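Enquirer: dropping a prediction and its sequence here:
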Amino acid sequence: AAAEKDGYPSFMEKEIHDQPSAVEQTLLGRLDETGRLTLDELKIDEAVLRSIDKIVVIACGTASYAGQVARYAIEHWCRIPTEVELAHEFRYRDPIVNEKTLVVAVSQSGETMDTLMAVRHAQEQGAKVVAICNTNGSTIPREADAVLYTHAGPEIAVASTKAFLAQITAAYLLGLYLAQLRGNKYKDEIATMLAELEAMPAKIQRVLDEIEGDVKDLAQSMKDASSVLFLGRHVGFPVAMEGALKLKEIAYIHAEGFAAGELKHGPIALIDEGQPVFVIVPSPRGRDSLHAKVVSNIQEIRARGAVTIVIAEEGDEAVKDFANHIFYVPEAPTLLQPLLATVPLQIFAAELSAAKGYDVDQPRNLAKSVTVE
Ligand code: G6P
């Protein structure tokens with residue numbers, strides 16, 4: 001078993017380090033020489049894909065956060081209204097789904113019962129289903145109309161890491177492909193995004209090489225924390241929720257991810273002297289003054305005693321003065337930042353779990369794949 005872990009103390013740590021390759025493998029063979037996207041495995045009639053007027057992403061757990069990240073990108077590139085819903089909620093609320101709905105079922109294992117039931121329900125209403133899945137030949141891709149496999153390799157640790165990055169990558173490919181097919185106005189951006197995606201594996205590797213040690217030191221120093229909060233906006237919001245989920249799952253610490261804009265509507269009441277808060281800061285080069293908004297959120301919580309742990313893009317000096325701890329990740333377009341910003345949160349959770357003496361790979365009460373409803 002030690003050999004299977006490549007010398008790492010846990011599968012989770014190994015899988016965190018597999019991430020540059022997980023993203024690279026998921027992109028492999030899907031771009032032709034001219035940089036155009038070819039998704040041959042997407043065996044749904046092009047005319048059907050052109051007629052889609054709604055996309056619904058269904059998933060559970062970490063896969064649902066990958067869906068939430070993807071929603072920002074798909075709606076922006078394709079201009080198709082996109083919803084993301086937990087599979088068990090979707091299934092039991094009489095959702096409006098028909099032949100013009102594309103359902104995207106995201107599942108690492110391909111065996112999550114709630115997601116499978118939601119897939120069947122959607123198909124009964126006439127929707128086409130694309131599975132984004134990491135396990136060849138599993139039930140969800142077998143029943144779906146088409147499948148885009150994530151090629152992350154087997155994921156053993158219960159807490160999902162490399163599958164998450166690969167799911168975002170695959171969902172982005174699907175979004176870019178639909179945009180390409182529908183010949184939309186973001187043509188230049190599509191080409192740029194494909195090139196930027198290809199550059200991501202090396203940037204993820206840099207995150208691992210450059211900040212892993214410091215993140216681990218911080219985790220060791222925080223092993224007595226009883227509550228940790230995570231804040232983000234836009235794609236940083238699902239990243240915040242994923243960071244919180246990792247801590248709950250393997251370190252058994254109460255953790256919550258919030259949309260930074262919600263702060264004033266409740267969460268700020270939780271801020272007290274010494275409360276640790278991770279903040280995912282969007283790129284200062286991004287649009288819509290997102291960056292300035294998050295910087296002011298950091299100031300607000302700092303003024304109320306929070307210990308701020310800031311994840312920002314390298315070169316971002318504006319956040320320095322308000323950060324108790326700062327971790328810089330490489331430059332990337334806002335939509336791709338989750339592929340970088342999630343990594344320190346995974347490292348933090350794994351290290352904190354290990355520091356508390358817990359079984360990082362086999363957390364109590366949890367299963368890798370939940371095959372009952
Ligand atoms: C379980 C696992 C999670 C995973 C979720 C969905 O809760 O512990 O890591 O995100 O199931 O699993 P799936 O295989 O459908 O992605």
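Expert: Great, that's in hand. Numbers count the residues shown, from 1 in each chain.
Enquirer: which secondary element of this protein has the worst mean pLDDT?
Expert: helix 46-51 (a mean of 92; mean pLDDT, DSSP states H and E).
Enquirer: burial of the closest residue to the ligand within the stretch 151-300 of the chain, as a residue count?
Expert: Residue nearest to the ligand within the stretch 151-300 of the chain (C-beta to the nearest ligand atom): residue 160, separated by 3.7 Å. All C-beta spots, glycine's among them, are computed from the backbone N, C-alpha and C. Residues near residue 160, counting by other C-beta atoms under 10 Å, number 28.
Enquirer: mind checking pLDDT for it?
Expert: pLDDT recorded at residue 160 is 98.
Enquirer: run a quick neighbour tally on the residue lying closest to it once chain neighbours are set aside.
Expert: If the residues on either side of it in the chain are set aside, residue 160 comes closest to residue 62, at 4.1 Å by C-beta to C-beta, 6 or more residues apart in numbering. The number of residues packed near residue 62 is 23, by other C-beta under 10 Å.
Enquirer: which element follows the least confident helix or strand of the chain toward the C-terminus?
Expert: strand 54-59 (DSSP states H and E).
Enquirer: parallel or antiparallel, list what pairs with that next one.
Expert: strand 82-86 (parallel), strand 101-107 (parallel) (DSSP bridges).
Enquirer: quick one: mean pLDDT for the helix or strand just after the last one?
Expert: The C-terminal neighbour of strand 101-107 among helices and strands, as given by DSSP H and E, is helix 113-124. Per-residue pLDDT over helix 113-124 has a mean of 97.
Enquirer: and helix 113-124, anywhere near the ligand?
Expert: Yes: residues of helix 113-124 are located near the ligand by C-beta under 6 Å from any ligand atom, namely residue 115.
Enquirer: what distance separates the very next helix or strand once past that helix from the middle of the whole chain?
Expert: Downstream of helix 113-124, the next assigned helix or strand under DSSP H and E is strand 128-133. Mean C-alpha position of strand 128-133 versus that of the full chain (C-alpha atoms, centre = their mean, to the nearest Å) differs by 17 Å.
Enquirer: neighbours around residue 32, how many?
Expert: Neighbourhood size, residue 32 [other C-beta under 10 Å]: 9.
Enquirer: how about it: what's its closest non-neighbour residue?
Expert: residue 38 (5.2 Å).
Enquirer: I'd say that neighbour and residue 31 touch.
Expert: Yes: assessed by C-beta atoms under 8 Å, residue 38 is found in contact with residue 31 at 7.2 Å.
Enquirer: the more surrounded of these two?
Expert: For the pair residue 38 and residue 31, the greater number of neighbours falls to residue 31 (17 against 13), based on other C-beta under 10 Å.
Enquirer: does the ligand have contacts with the strand or helix carrying residue 339?
Expert: Assigned by DSSP H and E, residue 339 belongs to helix 338-355. No: Helix 338-355 stays clear of the ligand (C-beta under 6 Å from any ligand atom), getting no nearer than 11.7 Å.
Enquirer: what mean pLDDT does stretch 236-244 get?
Expert: In this model, stretch 236-244 has an average pLDDT of 98.
Enquirer: I should have written stretch 254-266 there, sorry.
Expert: Here the average pLDDT along stretch 254-266 is 95.
Enquirer: that one: end-to-end distance?
Expert: End-to-end distance for stretch 254-266, by C-alpha to C-alpha, to the nearest Å: 17 Å.
Enquirer: tell me which residues in that stretch are buried?
Expert: Using 16 or more other C-beta atoms under 10 Å as the test for burial, stretch 254-266 gives 255-260, 263.
Enquirer: restricted to strands, list those residues.
Expert: Of these, the ones assigned to strands by DSSP state E are 255-259.
Enquirer: dump the residues you listed to JSON lines, plus distance to the ligand.
Expert: Formatted as JSON lines, these follow (distance: C-beta to the nearest ligand atom, whole Å):
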{"residue": "255", "distance to the ligand": "15"}
{"residue": "256", "distance to the ligand": "17"}
{"residue": "257", "distance to the ligand": "15"}
{"residue": "258", "distance to the ligand": "20"}
{"residue": "259", "distance to the ligand": "21"}
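Enquirer: farthest-separated two in these?
Expert: Spanning the widest gap among those are 255 and 259, at 15.2 Å by C-beta to C-beta.
Enquirer: now the helix holding residue 339: mean pLDDT?
Expert: The pLDDT scores in helix 338-355 average 98.
Enquirer: quick check: angle from that helix to strand 254-259?
Expert: Put simply, helix 338-355 runs at 170 degrees to strand 254-259, going by axes from the mean of the first three to the mean of the last three C-alpha atoms, to 10 degrees.
Enquirer: list the helices and strands helix 338-355 packs on?
Expert: When contacts are defined as 3 or more C-beta pairs under 8 Å, 6 or more residues apart in numbering; DSSP states H and E, helix 338-355 sits against helix 11-17, helix 162-181, helix 187-221, helix 236-251, strand 307-313, strand 325-329.
Enquirer: quick one: which of the strands paired with strand 54-59 is nearest the ligand?
Expert: Across these, closest to the ligand is strand 101-107 (C-beta to the nearest ligand atom), at 3.2 Å.
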